[in-house]
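Novice: I'd like to go over a predicted model; first the sequence, then the structure.
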Protein chains: 2
Amino acid sequence: MAGDFLAALPDVSNDRPYLAASEDEATKRVERVLRSHRRSFSAGTILKMEREPCSETYCMLDGWLALSKSTEDGHRQIIDFMLPGDIMNPASAHRNTSAVQIEGLSQTTVSVIPNVIWANLTEAVPALKWRATCMTASVRSRMSERMLRLGKGNSEMRIAYSLMELFLRLRMIGKVDGFSFQLPMTQQQLGEFTGLSSVHVCRTMRRLSDKNILTTNGKMDIVISDIERLARSAGVGLDTLANEILPN
Amino acid sequence: MAGDFLAALPDVSNDRPYLAASEDEATKRVERVLRSHRRSFSAGTILKMEREPCSETYCMLDGWLALSKSTEDGHRQIIDFMLPGDIMNPASAHRNTSAVQIEGLSQTTVSVIPNVIWANLTEAVPALKWRATCMTASVRSRMSERMLRLGKGNSEMRIAYSLMELFLRLRMIGKVDGFSFQLPMTQQQLGEFTGLSSVHVCRTMRRLSDKNILTTNGKMDIVISDIERLARSAGVGLDTLANEILPN
DNA sequence: CGAAGGCTTGACGGTATTCAAGCATAGTGG
DNA sequence: CCACTATGCTTGAATACCGTCAAGCCTTCG
């Protein structure tokens, strides 16, 4: 499991000459910390509410989490999804409360690591710190892309972009089979991600389906049948987007 | 100038026992680096284009910057504004290109510090590193709040929220006089920030003005006359928002 | 004084929301 | 095995919100 957090890393030792412990020892230490703070949650569990005290860093081991915020009148916006290998600190600027609600979309395994321990760990394992830095940039990049489409895109662009983003992220962690993948969420939740009503998500996906850009079976099993046109609908090139939002 | 980046800091030495150089020496070193990389730009200057190579960290000394992304058909979304005291690294996940376009909205002074130098500096001055961490959380928090409103809010909520956010940020750096402040941007640009057309920005601000919530003079000089009702329109409490988005 | 840029207002049309009803599927208990 | 329910997807109709187009006005600057 811990391997997930170190294996995919670029060789950092060349350009960042930290005084690292030996590779093996670092790996073991990371593994130990991840294991000892490991917790599992079933789908639908709310791990943290908005503004609840929070001083932990979350390392995703398996499953999906949704980070969301809600208005007083009950509307909800999903800010981001967390997938295996992702690292997240949900703290607001005040540093001791969570800026978002954290909810499991599926059976989920997470290491919830107190910030003090996390700080020590990243000090000791530069590769992990580097990974966290890349993650921060990755989150910011994809949030920016989504903001652009929330502000200026129509429903087709929003849905197409979201599917592209999730496809790329899932592909990186080996969770797609060719061009098909499954999203553990309802159309309602995809709407909360894209800023659309569930009804309009349905209509928009049908339109994409009618254009033979993708196929669905009504259970959020997606097959992209024309990635080029999907990318065009999303308003971004596949490789361009991959470079921008995937941590390297 | 450098004082701006250290003065407002919380006393970190208590809960984060880094081996810090003496206060004075650290301050001098930060001042030296900031000064030697200082650059000034006039309003309208584009400092960086989207996807342009970028390996620098930006420390705002004076003025306003807008970070934006554009669609192929020419629509633009302003992702965030940078104000004096802010620290930003515009890198995408790929780490060597900028995820956003950077443009000056006013006469601006910035220290543009190569990442290697920045890394050394923050290693040597823990207070600065802590500030950068707070800035990261602050940016993420306010982006989340804005995403919520881009996705689920109407024009009044978007405008009201944006004015609240900018009011709070400006107040923190001493740029408001009571409840009045100036925004160095056109209604077109405020629309690019809120995901609205300039025409609708105009109408919405007029509506807020008709309700006696604020007054404008058509030159982006804003006076908030009823902060409580502005907060209600924005869908957030003033203090709640301050806690969430202002670095402490 | 003329030109340029930005604000304002009206009219119109398009996109997305809401409300409502019907359908399909999976799970439950008799 | 079969109602029965709950949940989510689908589709239609009516409505609301916002964008676009267009014209007029004001201010600033050369």
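Specialist: Looks like it arrived, so ask away. In this text, all values refer to a predicted model and were calculated from it rather than measured experimentally. Residues are numbered from 1 along each chain as shown, chains lettered A, B, ... in the order given.
Novice: domain assignment for chain A?
Specialist: When chain A is parsed with automatic domain parsing, its domains come out as A:2-138, A:153-245.
Novice: please compute how far the helix or strand containing A:Glu156 lies from its chain's middle.
Specialist: If you go by DSSP states H and E, A:Glu156 is part of helix A:155-172. Relative to its chain's centre, helix A:155-172 lies at 12 Å (Cα atoms, centre = their mean, to the nearest Å).
Novice: need the residues of chain A near DNA strand D, please.
Specialist: A:186-188, A:198-199, A:202-203, A:205-206, A:216, A:218-220 (Cβ under 7 Å from any atom of the strand). The C-beta positions use only the backbone N, C-alpha and C, and glycine is treated the same way.
Novice: helices of chain A, start to end?
Specialist: In chain A, the helices defined using DSSP state H lie at A:2-7, A:23-36, A:115-124, A:126-152, A:155-172, A:187-194, A:198-210, A:227-234, A:238-245.
Novice: okay, and for chain A, where does confidence drop off?
Specialist: Flagging of chain A using pLDDT under 70 yields the residue ranges A:1-4, A:6-23.
Novice: in a markdown table: the helices of chain A, plus mean neighbour count.
Specialist: A markdown table is the format used below for those (neighbours: other Cβ atoms under 10 Å in any protein chain shown):
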| stretch | mean neighbour count |
| --- | --- |
| helix A:2-7 | 16 |
| helix A:23-36 | 15 |
| helix A:115-124 | 16 |
| helix A:126-152 | 22 |
| helix A:155-172 | 22 |
| helix A:187-194 | 22 |
| helix A:198-210 | 16 |
| helix A:227-234 | 18 |
| helix A:238-245 | 18 |
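Novice: redo these as a markdown table? Include distance to chain B.
Specialist: Formatted as a markdown table, those follow (distance: least, Cβ to the nearest Cβ, whole Å):
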| stretch | distance to chain B |
| --- | --- |
| helix A:2-7 | 16 |
| helix A:23-36 | 19 |
| helix A:115-124 | 8 |
| helix A:126-152 | 3 |
| helix A:155-172 | 8 |
| helix A:187-194 | 7 |
| helix A:198-210 | 12 |
| helix A:227-234 | 9 |
| helix A:238-245 | 4 |
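Novice: could I get those as a markdown table with distance to DNA strand C?
Specialist: Putting these into a markdown table (distance: least, Cβ to the nearest atom of the strand, whole Å) gives the following:
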| stretch | distance to DNA strand C |
| --- | --- |
| helix A:2-7 | 29 |
| helix A:23-36 | 31 |
| helix A:115-124 | 37 |
| helix A:126-152 | 10 |
| helix A:155-172 | 3 |
| helix A:187-194 | 7 |
| helix A:198-210 | 3 |
| helix A:227-234 | 12 |
| helix A:238-245 | 20 |
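Novice: export these to a markdown table and tack on distance to B:Trp64?
Specialist: Shown next, in a markdown table, are those (distance: least, Cβ to Cβ, whole Å):
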| stretch | distance to B:Trp64 |
| --- | --- |
| helix A:2-7 | 39 |
| helix A:23-36 | 42 |
| helix A:115-124 | 33 |
| helix A:126-152 | 18 |
| helix A:155-172 | 29 |
| helix A:187-194 | 30 |
| helix A:198-210 | 36 |
| helix A:227-234 | 31 |
| helix A:238-245 | 25 |
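Novice: on that earlier part again, give me the helices and strands touching the helix holding A:Glu156, please.
Specialist: For helix A:155-172, the elements it packs on are helix A:126-152, strand A:180-182, helix A:187-194, helix A:198-210, strand A:221-224, helix A:227-234, helix A:238-245, judged by 3 or more Cβ pairs under 8 Å, 6 or more residues apart in numbering or on different chains; DSSP states H and E.
Novice: so which of those is nearest B:Cys59?
Specialist: Nearest of the helices and strands packed on helix A:155-172 to B:Cys59, taken as Cβ to Cβ: helix A:126-152 at 17.5 Å.
Novice: how big is the angle separating that closest one from helix A:155-172?
Specialist: 170 degrees (axes from the mean of the first three to the mean of the last three Cα atoms, to 10 degrees).
Novice: pretty sure A:Phe179 is touching A:Glu228, no?
Specialist: No - using Cβ atoms under 8 Å, A:Phe179 is not in contact with A:Glu228; the gap is 11.4 Å.
Novice: taking the centroid of chain A, which residue is nearest it?
Specialist: Centroid-nearest residue in chain A: A:Met82, 3.2 Å away (criterion: Cα atoms, centre = their mean).
Novice: leaving out sequence neighbours, find the closest residue to that residue.
Specialist: A:Leu65 (4.0 Å; Cβ to Cβ, 6 or more residues apart in numbering or on different chains).
Novice: which residues are in contact with that neighbour?
Specialist: A:47, A:58, A:81-82, A:102-105, A:108, A:110 (Cβ atoms under 8 Å, 6 or more residues apart in numbering or on different chains).
Novice: can you check A:Ser42 too?
Specialist: A:104, A:107-108.
Novice: equivalent analysis for A:Leu121, please.
Specialist: A:29-30, A:33, A:113, A:128.
Novice: pick out the most distant pair among those.
Specialist: A:Arg29 and A:Ile113 (12.3 Å).
Novice: and the gap between A:Thr133 and A:Met164?
Specialist: In this view, A:Thr133 and A:Met164 are 24 Å apart by Cβ to Cβ, to the nearest Å.
Novice: tell me the bridge partners for A:Lys69.
Specialist: Residues in a beta bridge with A:Lys69, per DSSP bridges, are A:Gln77.
Novice: show me what contacts the closest residue to A:Leu196 other than its chain neighbours?
Specialist: Spatial nearest neighbour of A:Leu196, chain neighbours left out: A:Ser155 (5.5 Å); criterion: Cβ to Cβ, 6+ apart. A:Ser155 sits next to A:194, A:196, A:200-201, A:203-204 when contact means Cβ under 8 Å, 6+ apart.
Novice: widest-spaced pair of these?
Specialist: A:Thr194 and A:Arg203 (12.5 Å).
Novice: so what's A:Ser92 closest to, chain neighbours aside?
Specialist: A:Ala99 (3.8 Å).
Novice: go ahead and confirm the one you found touches B:Val139.
Specialist: No - counting by Cβ under 8 Å, A:Ala99 does not reach B:Val139; the two are 11.1 Å apart.
Novice: which residues touch A:His75?
Specialist: A:His75 touches B:Lys152, counting by Cβ under 8 Å, 6+ apart.
Novice: measure it to B:Gly235 for me?
Specialist: 9 Å.
Novice: now swap in A:Gln188 and tell me
Specialist: Taken as Cβ to Cβ, the span from A:Gln188 to B:Gly235 is 21 Å.
Novice: again with A:Ala43
Specialist: 29 Å.
Novice: what about the two, which has more around it?
Specialist: B:Gly235 (22 against 14; other Cβ atoms under 10 Å in any protein chain shown).
Novice: of the helices of chain A, which approaches B:Trp118 most closely?
Specialist: helix A:126-152 (12.1 Å).
Novice: how big is the angle separating the closest one from helix A:187-194?
Specialist: 100 degrees.
Novice: next one: helix A:126-152 to chain centre, how far?
Specialist: That offset, for helix A:126-152, works out to 9 Å (Cα atoms, centre = their mean).
Novice: likewise for stretch A:89-106?
Specialist: 14 Å.
Novice: one more: stretch A:56-69?
Specialist: Worked out by Cα atoms, centre = their mean, stretch A:56-69 lies 8 Å from the chain centre.
Novice: give me the buried positions along it.
Specialist: Applying a neighbour-count criterion of 16 or more other Cβ atoms under 10 Å in any protein chain shown, one finds A:56-69 buried in stretch A:56-69.
Novice: between those residues, which is closest to chain B?
Specialist: A:Lys69 (4.5 Å; Cβ to the nearest Cβ).
Novice: contact partners for the closest one?
Specialist: By Cβ under 8 Å, 6+ apart, the neighbours of A:Lys69 are A:50, A:76-77, A:79, A:99-101, B:144-145, B:147-148.
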